[in-house]
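1. attaching a predicted model along with its sequence, questions to come.
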Number of protein chains: 2
Amino acid sequence: MNDLERRLREARAAGRVLATYSPAEKAELLEEIAGALERAEEEIIAENRADLAEAAERGTDSALLDRLALDPDRIAGMAGGVRAVAALADPVGSVDGGGRLTNGLEIVRTRVPLGVVAVVYEGRPNVTTDAAALCLKSGNAAVLRGSRIAERSNTVLGRVLVRALEAVDAPPAAVTMLGTDRDELRAMIAAKGQIDLVIPRGGEELKAFLEEHARVPVIFAAAGNNHVYVDASAEPGMAREITVNAKVQRPGVCNAAETLLVHRDAAPAVLADLVHDLEDNGVELRVSAEAKAALGNGAESLADASEDDYATEFLALVMAVHVVDSLEDAIAHVNEFGSGHSEAIVTRDLEAAETFRHLVDAAAVYVNASTRFTDGGVFGMGAEIGISTQKLHARGPIGLTELTTTKYLVTGDGHVR
Amino acid sequence: MNDLERRLREARAAGRVLATYSPAEKAELLEEIAGALERAEEEIIAENRADLAEAAERGTDSALLDRLALDPDRIAGMAGGVRAVAALADPVGSVDGGGRLTNGLEIVRTRVPLGVVAVVYEGRPNVTTDAAALCLKSGNAAVLRGSRIAERSNTVLGRVLVRALEAVDAPPAAVTMLGTDRDELRAMIAAKGQIDLVIPRGGEELKAFLEEHARVPVIFAAAGNNHVYVDASAEPGMAREITVNAKVQRPGVCNAAETLLVHRDAAPAVLADLVHDLEDNGVELRVSAEAKAALGNGAESLADASEDDYATEFLALVMAVHVVDSLEDAIAHVNEFGSGHSEAIVTRDLEAAETFRHLVDAAAVYVNASTRFTDGGVFGMGAEIGISTQKLHARGPIGLTELTTTKYLVTGDGHVR
């Protein structure tokens, strides 16, 4: 047995212990982790400085350095995040079905931990403690694998987590921090039967690596190629507010909008204003021929929108703008180019709202609201480990419940068939 | 675009139409299918005879020929199965969460069809109509791929299904029957974005093929390496009834038991009787050294149990018998060798029951009842397309609800973040 196999076996055994923990025991563990983070502030910052120095030496750009950097405030934020997870409702043991059969057999469907959950992530060291807290709270052992750039920071955070586990007599393998060796990652995501779920949080390269090599179940955190569709009957002011919010309020996140679709009949009243609003907010536009025609004089100078633009999640202050002939065309465009994340219609027409809701194929469909609300915290799930656009197991925010599975508990009195 | 791509696109489009069907429209469609099956009895039997003749010529064994054969009774049974699915509660549109946020935003989590569900199966032609009915009732387009031995039968059944779809003006691609070409199967299970779920129903070879080649989501219908554990405090009569039922009542199915575990302290009162009961019912035993020691004189002649036996799903009148020192050892044995399907304890001890329930890692855990109850019909799900031992999306019987996903419907009044 190699070192990875041994560690995954220990994680499995630790998960079996965690599965028996009461909510109070998990609260005690998470409070210990939060306190241990606060107490280890100097130690963490020292290691983080070493990561930062090495990254700066390699010419890492300043945005990435900022994501990597820890200071007392950020460490306090990490401890606060752990306490926030501790305060959430415990998903384990909740009953979501069951009943008594005519033969008297009693069936209860209850939620149980998955077992061992691996999270593979890039950049920010706070993911280490967030992911650990969510896994532990849902009764799972966590296998964590951060990126090379944060290796020292993650190593010390792993030490702090294990110290906290030991302080409350929890099995230390309940948080198993892997190194950044690529072959080990490849072996881990192929460890069938040892890992119950892998959640990758990172860019397209990481996603492609998992698609190619993973032999254990994976839920991909999502890309969000989202649309705001301004229907013929939209209230112009609302259309402008929602569009600007969905694009501008935080353009780098997966629930931001990437393409604006406007119904031909709404264009005269609202399209020019929308273009101005977006440009005023620094948004670079890619405008279709149909939209230019609707805008009329002066629109020729705007950049053209291509099919590639429609298919792109810009994650930046860039937006494609297109005019469609009908609600049906808008829905077809969304279903062709969207990534199934968050889609919004602005309308005053009940039938249009219902049609959009029913026919758009996405995790979250909005009527008269910004796409920016798709978020585990906003949706009342307390915290999320990512947002899924797949249809199996978890669609939308992946919260504590999605880190559990079910077990049928059947009680008889000598029942046979 | 090749023929398969074209057909999968048509299936996707048909699924979008089915997703809008009301429960009444689906009931009408399924009733039309049931009637069409009855009306096509002669046509179906003629094609089935050709399959049977060809299979007999190739020397197919009689059990398999029996599974393949259709007669008026079996066709009536297929029609009855479709009507039974029609009578189930419609999972689409059911609301399983939601609420109003403090900002007034309204969130409703509702069940929606997956889209396109493929079922790959072997042998029995009745799977064709069962699978079609379950997919259509849950609002999904069905892509069906049966085995070569039943090709003519499945082709005519596919024709009957399409005829029924056309009779009620439903899109004919809502049931897409593929041929038995291996390369086409391989292409289909790799068709990312075109197929939302593949469910294989067949032997280990089919499963291995999908594990190797599938690039779309798969839920594997389960193997059931299940145990009956007779605890120290078990009531002997109940232990005997449950053990015999779990092993003998239908040994070829996945919820039958394969290994009997007996606590050392229960062995004197019950082990010899259990061995006699099983042998009287024609069960071939594989007995561990510990069990032989507990049985004493005369046990030497029994066949030995190996670790391979513990790991084998016999699906026949064969059972491994082992004596364990403790409840903990029983649980460890179950978690090591079991496939996570159905596990039973016979006990009068509350703590033992609770410990077994909590620590055994399986889809269904039984206290004082036979493992044979794990079944979608028995569990009140009406019908099942298989039983899953995986932990994501569906664990246990896969019924209509498991053939759907969720969609968050969010309604605002100009809400922005």
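-> Yes, it's here.
2. residues contacting the residue in the stretch 151-300 of chain A that chain B sits nearest to?
-> Using C-beta to the nearest C-beta, A:Asn245 is the residue of the stretch 151-300 of chain A that sits closest to chain B, at 3.6 Å. For the C-beta atoms, the positions are set from N, CA and C on the backbone; glycine is no exception. Contacts for A:Asn245 (C-beta atoms under 8 Å, 6 or more residues apart in numbering or on different chains) come out as A:Ser370, A:Arg372, B:Val416, B:Arg417.
3. same deal with A:Tyr121?
-> By C-beta under 8 Å, 6+ apart, the neighbours of A:Tyr121 are A:Val127, A:Thr128, A:Ala131, A:Leu144, A:Arg145, A:Gly146, A:Ser147, A:Pro200, A:Arg201, A:Gly202.
4. can you do 6 Å?
-> A:Val127, A:Gly146, A:Arg201, A:Gly202 (C-beta atoms under 6 Å, 6 or more residues apart in numbering or on different chains).
5. picking up where we left off before, distance of the residue of the stretch 151-300 of chain A closest to chain B relative to A:Ala293?
-> 27 Å (C-beta to C-beta, to the nearest Å).
6. so which residues of the stretch 1-150 of chain A form helices?
-> Shown for the stretch 1-150 of chain A, the helices assigned by DSSP state H, counting those that start in this stretch span residues A:3-18, A:23-39, A:41-57, A:62-68, A:72-86, A:126-137.
7. and those helices, which one's lowest on average pLDDT?
-> Mean pLDDT is lowest for helix A:62-68 among the helices of the stretch 1-150 of chain A, at a mean of 91.
8. tell me how many other residues crowd the nearest residue to A:Ile387 once chain neighbours are set aside.
-> Once flanking residues are discounted, A:Ile387 sits nearest to A:Ala222: 4.8 Å by C-beta to C-beta, 6 or more residues apart in numbering or on different chains. Residues within reach of A:Ala222, counting by other C-beta atoms under 10 Å in any protein chain shown, total 24.
9. mind listing what A:Ala222 touches?
-> A:Ala222 neighbours (C-beta under 6 Å, 6+ apart): A:Cys254, A:His341, A:Ile387, A:Ser388, A:Thr389.
10. partner residues bridging the fourth one?
-> Judged by DSSP bridges, the bridge partners of A:Ser388 are A:Ala221, A:Gly396.
11. in stretch A:8-19, what's buried?
-> A:Leu8, A:Glu10, A:Ala11, A:Arg12, A:Ala14, A:Gly15, A:Arg16, A:Val17, A:Leu18, A:Ala19 (16 or more other C-beta atoms under 10 Å in any protein chain shown).
12. the stretch 101-250 of chain A against chain B: which residues are in contact?
-> Applying C-beta under 6 Å from any C-beta of the partner chain, one finds that the stretch 101-250 of chain A approaches chain B through A:Leu114, A:Asp196, A:Pro217, A:Met238, A:Glu241, A:Ile242, A:Asn245, A:Gln249.
13. the second one and A:Leu114 touch, don't they?
-> To tie it back to what came earlier, the one meant is A:Asp196. Yes - if you go by C-beta atoms under 6 Å, A:Asp196 and A:Leu114 touch, sitting 4.1 Å apart.
14. helix or strand for A:Thr405, which one?
-> strand A:404-415 (DSSP states H and E).
15. Provide a list of residues in contact with the closest residue to A:Leu161 other than its chain neighbours.
-> Spatially, and ignoring its direct neighbours in sequence, A:Leu161 is nearest to A:Val175 (4.4 Å; C-beta to C-beta, 6+ apart). By C-beta under 6 Å, 6+ apart, the contact set of A:Val175 is A:Ala132, A:Ala142, A:Leu161.
16. export these to TSV and tack on distance to B:Ala299 and neighbour count?
-> Compiled in TSV, the contacts of A:Val175 are given as follows (distance: C-beta to C-beta, whole Å; neighbours: other C-beta atoms under 10 Å in any protein chain shown):
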residue	distance to B:Ala299	neighbour count
A:Ala132	51	27
A:Ala142	47	27
A:Leu161	51	28
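17. nearest to A:Met78 among those residues?
-> Among the contacts of A:Val175, A:Ala132 lies closest to A:Met78 (C-beta to C-beta), at 10.2 Å.
18. hang on, A:Val198 is in a helix, isn't it?
-> No - under DSSP: H, G, I helix; E, B strand; the rest coil, A:Val198 sits outside any helix and is assigned strand.
19. beta partners for it?
-> For A:Val198, the beta-bridge partners are A:Ala118, A:Val218 (DSSP bridges).
20. list the contacts of it.
-> A:Val198 touches A:Ala118, A:Ile189, A:Val216, A:Val218, counting by C-beta under 6 Å, 6+ apart.
21. out of those, who's the most crowded?
-> A:Ala118 (30 neighbours).
22. dump stretch A:95-103 to CSV, restricted to CA.
-> Only the C-alpha atoms of stretch A:95-103 are listed here, as CSV (Å, rounded to 0.1, in the frame of the first residue of the first chain):
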residue,chain,number,x,y,z
VAL,A,95,-35.6,12.7,7.5
ASP,A,96,-36.8,13.4,4.0
GLY,A,97,-39.3,10.5,3.3
GLY,A,98,-40.8,7.3,4.6
GLY,A,99,-43.9,5.8,6.0
ARG,A,100,-45.5,2.6,7.1
LEU,A,101,-46.3,-0.1,4.5
THR,A,102,-49.5,-2.0,4.6
ASN,A,103,-47.6,-5.0,6.0
